[in-house]
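[1] Sequence first, then the predicted structure:
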Amino acid sequence: MVTAIVALNVRRDKVNDVASELSGMKGITEVYSVSGRYDLMAVVRTKDNEALADVVTGNLLKVDGIESSETMLAFRSYSRHDLDSMFAIGAD
């Protein structure tokens with residue numbers, strides 16, 4: 001699995017619309033509005049780099065209102081959330 005974090009600068013009047021559209025896209029698991037130099041952060045999880053490229057350049061960056069982006073690949077996960085979810089398959 002490939003995980004990437006995409007930092008986005010969005011037109012001010014489009015932040016909510018862009019976040020809503022991104023959150024419904026296949027491959028995008030989370031979208032956060034954030035403080036700082038970016039407006040939104042999208043977490044993308046795909047099976048491989050080719051699928052990641054399809055999501056980012058083929059879908060995400062075509063959304064109206066996105067002005068610029070920076071994509072960062074995750075090498076390892078240290079998140080308790082991710083570790084718990086790997087071992088919780090079928091557990092209820």
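    Received the coordinates, thanks.
[2] which sections of the chain are below the confidence cut-off?
    80-92 (pLDDT under 70).
[3] ok, residues contacting stretch 43-56?
    Residues outside stretch 43-56 that contact it (Cβ atoms under 8 Å, 6 or more residues apart in numbering) are 1-6, 25-32, 60, 69, 71. C-beta: built from backbone N, CA, C; applies to glycine.
[4] That stretch: which residues count as buried?
    By neighbour count with 16 or more other Cβ atoms under 10 Å, stretch 43-56 contains the buried residues 44, 45, 46, 51, 52, 55, 56.
[5] Just confirm the last one is within a helix.
    Yes: the assignment for residue 56 (DSSP: H, G, I helix; E, B strand; the rest coil) places it in a helix.
[6] This structure: helices as residue ranges?
    15-23, 49-53, 80-87 (DSSP state H).
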